[in-house]
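Undergrad: sequence below, structure please.
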Amino acid sequence: MAKRDRKATPAPAPKVAPQLPRRQAQRSFPASTFEEPLEFARSIFRIGGGQPIRRLTLFDQLGKSPESSGSRQLITNASKYGLTRGHTGAENIELTLEGRKAVDEQVSAREQARTRIALAIEGIELFKTLYDKTVNNKLPSKAVLFDTVRSIDVSADHAAEAVDTFIVNLSFVGLLKTLSGAERVLPIDMHLDQLPSATRLRARHKVTALLSYKICNVHSDLVK
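TA: Alright, predicted model coming up:
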């Protein structure tokens, strides 16, 4: 009697592990250059006179929605740069002491520049590291800076943006200058020495006042 052919049992399909959504890499630097949050801090100083101001009032004066993504990002970036205190849901937003120095026109040019450098470069660990590696030298190419940023654990997603933000901030605070046909990263003291200090400003004001006084006396004598 012929044996019946047994049908082969199909092997079970291999289980495929579900793909988890890719986690977004953490950002180790603010999501904008320093200039935009600095202008935001200047508006806080102008509207509030240096005092804490209600978040809703502030954005009403600025003509912006306090809950928009742009407004929330502005608050976050200003805080990360050390210009302001107060999170995106806070009742009040206020300037830090350094934030006030960075925008107050009564502060000497030298002190204000020093404060801005501290906030825009030295206060951001990644930018401070890049600055220490490049100071007193020609600015490396973006490709070299990109490799440096990647070597200190910045994700590929954010590395190019980190390099661009660093370069823009360097230029904005006066630490990137073209010398002998090449862009060079200046030492902080070299840049600050070119700016008037409070003492020099007071001396200049005294000379101006003295000259004005003498001119008035001469004018009075001529009138007589």
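
Undergrad: contacting residues around the residue minimising distance to the centre of the chain?
TA: Nearest to the mean C-alpha position of the chain, by CA atoms, centre = their mean, lies F34 at 2.6 Å. By CB atoms under 8 Å, 6 or more residues apart in numbering, F34 lies in contact with Y81, R116, L119, A120, V168, N169, F172, V173. Where C-beta positions appear, they are placed from N, C-alpha and C, glycine not excepted.

Undergrad: how about the contacts made by the first one?
TA: Residues near Y81 by CB under 8 Å, 6+ apart: P30, F34, P37, L38, L119, A120, G123, I124.

Undergrad: same thing but 7 Å
TA: Y81 is in contact with P30, F34, P37, L119, A120, G123, counting by CB atoms under 7 Å, 6 or more residues apart in numbering.

Undergrad: among those, which ones are in helices?
TA: P37 (DSSP state H).

Undergrad: how is this structure carved up into domains?
TA: The chain breaks down into these domains under automatic domain parsing: 35-103, 109-192, 197-224.

Undergrad: any chance of those in a markdown table, with distance to Q26 and mean pLDDT too?
TA: Listed next are the domains of the chain as a markdown table, based on distance: least, CB to CB, whole Å; pLDDT from 0 to 100:
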| stretch | distance to Q26 | mean pLDDT |
| --- | --- | --- |
| domain 35-103 | 13 | 96 |
| domain 109-192 | 8 | 96 |
| domain 197-224 | 40 | 52 |
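
Undergrad: and S141, backbone torsions?
TA: Reported as degrees, to the nearest 10, the phi and psi values for S141 are phi -70, psi 160.
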